[in-house]
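S.K.: Below are the sequence and a predicted model; questions follow.
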Amino acid sequence: MDQHEEAAAPAYVYTYACHEDELPLCRLEHRSLFCCDPGDAGYVVSRREVDPSRSPFTKLRLAVRYDTDSLEQMAQSVEQLSLRSATFKVVYVETGGTVDYDRQRAVERLLGSHIRGKAEMRRPQRTFGIAHIEGRWLFGECSRNEAVWLRHNEKPQQYSTALSTRVARAVANIAVPEPAGTRAIDPCCGIGTVVLEALSMGIDIVGNDINPLAVRGARVNLAHYGHPNVVSLGDIRRIEGHYDVAIVDLPYNLCSVLTTGEQLEMLTSARRLAGRAVIIATDMIDEAIEQAGFVIADRCEVRKGRFVRHIFVCA
């Protein structure tokens, strides 16, 4: 590619961070969102454009505009930028390399000096990123994760065994990586933790629960964050309709112990409702999932101390 040409096909670099216990979930979410496994590098490169604020693990997104062999070529390339009087700053995007702090700042200053415009470090109108990956220099617009989902940690209605906000958001992304045209259902939604995360990302979802107190709590939570009521009272075994994907967090607290038969009945009902499903359980239920008519396409475990959740992606 000529040093002054923009990338012919858009590419995006996403950096991420997560606790060691969450790495399997992070990888599963990334496989769904970006169609690639992040491995241990701390970044992924994908052709998919995804809002970095969707994932609880993504730190920022670099939309690659220039791709060069050397910094000298990159300095010439950025001279072609047209900012139309907008202020800017350049940030070094860390991608697991060995470039030290002083070198990173020097790279930022070098490229900033070749951009025609006014630099503004505190509140720039545009932020550009520069990254060094596999011997190549990549430059483009940089967007950070706004972590808007953190507000959902303060839901007015809480439940001790509900999924954490981070896990619920990742599960919603795994189930619906591309929201456009996808209808989802959470037929055992509890206080609406997954439903809330899905709605906040523009996913078309409805929720049901057999417990009237849980339904009431879910409605309170949705209203608190300005979302419409999409939760109804209903038993998964009686729900009608068909959806693209179901998200099923099987009951597991002491008041909701399922027999083997009840568990299979719930899974069979989920298979009737949707051709795809993300199923969350506290046990290895491979056999029951297959008896219900699903095929397990991917999976992971999420640990919190000794407590383990198994997440199954089923088709």
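M.R.: Perfect, thanks for sending it. Quantities reported herein were computed from a predicted structural model and do not represent experimental measurements.
S.K.: can I assume Asp37 is in contact with His30?
M.R.: Yes: when contacts are counted by CB atoms under 8 Å, Asp37 is listed as touching His30 (6.6 Å). C-beta here means a position set from N, CA and C on the backbone, and glycine is covered the same way.
S.K.: Of these two, which one has the most company?
M.R.: When Asp37 and His30 are compared for neighbours, His30 comes out ahead with 26 against 11, by other CB atoms under 10 Å.
S.K.: For Arg306, grab the count of nearby residues.
M.R.: Arg306 - counted by other CB under 10 Å - has 5 other residues nearby.
S.K.: mind checking pLDDT for it?
M.R.: With respect to pLDDT, Arg306 scores 84.
S.K.: That one and Ile115: what is the separation?
M.R.: Look at Arg306 and Ile115: by CB to CB, to the nearest Å, they are 53 Å apart.
S.K.: Likewise for Ser46?
M.R.: Distance from Ser46 to Ile115, by CB to CB: 26 Å.
S.K.: just Tyr66 next, same as before
M.R.: On the measure of CB to CB, Tyr66 and Ile115 end up 12 Å apart.
S.K.: which of these two has more neighbours?
M.R.: Counted by other CB under 10 Å, Tyr66 and Ile115 do not tie: Tyr66 has more neighbours, with 24 against 19.
S.K.: The more buried one touches Leu81, doesn't it?
M.R.: No: taking contacts as CB under 8 Å, Tyr66 lies outside contact range of Leu81: 9.1 Å.
S.K.: mind listing what Ala281 touches?
M.R.: Contact analysis of Ala281 by CB atoms under 8 Å, 6 or more residues apart in numbering lists Leu250, Tyr252, Arg309, His310, Phe312.
S.K.: The same query, at a cut-off of 6 Å, please.
M.R.: With contact set as CB atoms under 6 Å, 6 or more residues apart in numbering, Ala281 has these partners: Leu250, His310.
S.K.: Give the bridge partners for it, please.
M.R.: Ala281 has the following beta-bridge partners by DSSP bridges: His310.
S.K.: On the pLDDT front, check it for me.
M.R.: Ala281 carries a pLDDT value of 95.
S.K.: now swap in Glu20 and tell me
M.R.: 88.
S.K.: Phi and psi next, for it.
M.R.: Per-residue torsions, Glu20: phi -50, psi -40 (degrees, to the nearest 10).
S.K.: Walking through the stretch 201-315 of the chain, point out its helices one by one.
M.R.: Using DSSP state H, counting those that start in this stretch, the helices assigned to the stretch 201-315 of the chain run over residues 212-224, 260-273, 286-291.
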